[in-house]
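Colleague: Provided below for reference: sequence and predicted model.
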Amino acid sequence: MNDLERFKAVCAGEQPDYVPIFGFPGAPGMSRGAMKKTHDRLVATGMPPHVGGSYDLGSMHLRVDSWKRYWGTTDPLICEVGRVLSVPGLKTTRRIEGEYEIIESEAGDVTRQLIDNDITYIMPEFVEYPVRDRESWEFWKKRMTPTALMPLDEVREQVKQYENRERPLVVHVPGSYGYLRGLLGPQRLSTMFFDDPELIHDMMRWILERTREEVFPVVEAVRPEIMQMGEDLCYNHGMLLSPAMFDEFCGQHYQEVCDFARACDVTMVAVDTDGNVMEFAGLAASYGVNGLFPCEVKAGNDLFRLREQGLETTLFGWLEKETVNEGNEADIEPEIRSKVPPLLEQGRYFPNGDHGIQPMVTFPSLCKFMTILHEVCGNPEGEFPRV
């Protein structure tokens, strides 16, 4: 079997020749490299320097073939064909204040972050967001609405590069809540659901319109295996909005995306959301979402309970990333063996770390983690030294 055949088998609840260690960009677990300081730490503790996969926030599409060969992992192909040819955009300025970089745009948003945050990533301080009211929304919308789109004939020509693929192909779709959270901030968005619901509906309509015009034609042309939305709409105790509010404000977006996916024979509509997904998982499935990641451990997720509730969504991750950090080596084997075999037996599960590798990782610990994980997955791939 190839990667595409294994992916489809796992998603169908069938048994492949072996289970791949598969991860998405943004929450790759152990499958897709590491940020530069983390990669440097792995090399300093024994990983051969030729193993690639070192990236920063400006290179999420970095080729990580040598990492995948060495660690025996895989990931989806990313469809890089987009319809937007021109957009007015927003001018930004950057300046240094002490050990911080301050980023401002003409929309009025201000971000304060560590100078080297692109290679480490600590959550920046979002001092102000680009949308604060109707006036700022209209300004932002005017600057960010495309003025020219690629003709459909050219779209069809460009996606031919993905014919005869042997890995699943993913097309990214704008989220709903997550998109607005990035424009308004979670606190202002939470209050505007009540204070100015018509503004929120207007923003949602714009997102859906952009999805119809920019994304759906690409999906129809290329017929990917995955349509994936980034949302981050859960926190450490559950959803950041109620199910009723999700239905009211996000429901149409989800329904149209999932209906279009089915019409185009897309295998999976996947949602990337951190936090506690226990309530969201069933709600998302009711619209047609059938993939959910990264299922973080510390947020209180329980994939066994979701299966007991009858959830058939394909689940990713749920292995504590901190087990490979220095001093935690004893936690690796019980973490994997207590979770992975029973979940694999039930099917529709891709085991992996529950986000990305952290700078406290050590090469020996990652070797131990991957040795055991490959063993329980029956996965023979990888050049790394088995422990």
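Modeller: Received the coordinates, thanks. Numbering: from 1, shown residues only.
Colleague: domains for the protein, by residue range?
Modeller: 3-88+131-377, 91-129 (automatic domain parsing).
Colleague: closest to Arg386 out of those domains?
Modeller: Within the domains of the chain, the stretch nearest Arg386 is domain 3-88+131-377; the backing value is 4.7 Å (Cβ to Cβ). All C-beta spots, glycine's among them, are computed from the backbone N, C-alpha and C.
Colleague: now do that closest one: distance from first to last residue.
Modeller: 14 Å (Cα to Cα, to the nearest Å).
Colleague: from the chain's centroid, how far away is it?
Modeller: In terms of Cα atoms, centre = their mean, to the nearest Å, the gap separating the centre of domain 3-88+131-377 from the centre of its chain is 2 Å.
Colleague: next: stretch 103-119.
Modeller: The answer for stretch 103-119 is 22 Å, by Cα atoms, centre = their mean.
Colleague: please apply the same query to stretch 79-91.
Modeller: Once both centres are worked out by Cα atoms, centre = their mean, stretch 79-91 turns out to sit 20 Å from its chain's centre.
Colleague: which of the domains of the chain is buried the deepest?
Modeller: Using mean count of other Cβ atoms under 10 Å, the stretch among these with the largest mean neighbour count is domain 3-88+131-377, at a mean of 18.
Colleague: for that one, give the mean pLDDT please.
Modeller: Per-residue pLDDT over domain 3-88+131-377 has a mean of 96.
Colleague: can you put the domains of the chain in CSV and add distance to Glu383?
Modeller: Listed next are the domains of the chain as CSV, based on distance: least, Cβ to Cβ, whole Å:
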stretch, distance to Glu383
domain 3-88+131-377, 5
domain 91-129, 26
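Colleague: out of the ones you listed, the one nearest Phe384 is which?
Modeller: Ranked by Cβ to Cβ, the member of those that lies closest to Phe384 is domain 3-88+131-377, at 5.6 Å.
Colleague: which residues in the stretch 51-200 of the chain form helices?
Modeller: For the stretch 51-200 of the chain, the helices defined by DSSP state H, counting those that start in this stretch occupy 65-71, 117-120, 134-144, 152-158, 177-184, 186-195, 197-210.
Colleague: next one: the stretch 201-350 of the chain
Modeller: Going by DSSP H, counting those that start in this stretch, the stretch 201-350 of the chain shows helices at 216-222, 243-249, 251-263, 278-287, 303-308, 332-346.
Colleague: okay if I get these as TSV plus distance to Met204?
Modeller: As requested, those are exported to TSV (distance: least, Cβ to Cβ, whole Å):
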stretch	distance to Met204
helix 216-222	16
helix 243-249	6
helix 251-263	6
helix 278-287	14
helix 303-308	28
helix 332-346	35
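Colleague: Arg83: which of those is closest?
Modeller: Taking these one by one with Cβ to Cβ, helix 216-222 is closest: 6.4 Å.
Colleague: what packs against the closest one?
Modeller: Counting by 3 or more Cβ pairs under 8 Å, 6 or more residues apart in numbering; DSSP states H and E, the packing neighbours recorded for helix 216-222 are helix 152-158, strand 169-173, helix 251-263.
Colleague: before we move on, the earlier item: Pro385 is nearest to which of the domains of the chain?
Modeller: In terms of Cβ to Cβ, the element of the domains of the chain nearest to Pro385 is domain 3-88+131-377, at 5.8 Å.
Colleague: so which of the helices of the stretch 51-200 of the chain is nearest Glu106?
Modeller: Across the helices of the stretch 51-200 of the chain, the minimum distance to Glu106, taken as Cβ to Cβ, is reached by helix 134-144, at 8.0 Å.
Colleague: can you list the residues that contact the closest one?
Modeller: Contacts made with helix 134-144 from outside it, assessed by Cβ atoms under 8 Å, 6 or more residues apart in numbering, are listed as 87-90, 107-108, 130-131, 183, 196, 199, 202-203, 206.
Colleague: between those residues, which is closest to Arg262?
Modeller: Each of the contacts of helix 134-144 was scored against Arg262 by Cβ to Cβ, and Trp206 proved nearest at 24.2 Å.
Colleague: how close does the residue nearest to that closest one when sequence neighbours are not counted sit to Pro130?
Modeller: Take Trp206 and drop its neighbours on the chain: the residue closest to it by Cβ to Cβ, 6 or more residues apart in numbering is Lys141, 6.1 Å away. Taken as Cβ to Cβ, to the nearest Å, the spacing of Lys141 relative to Pro130 amounts to 10 Å.
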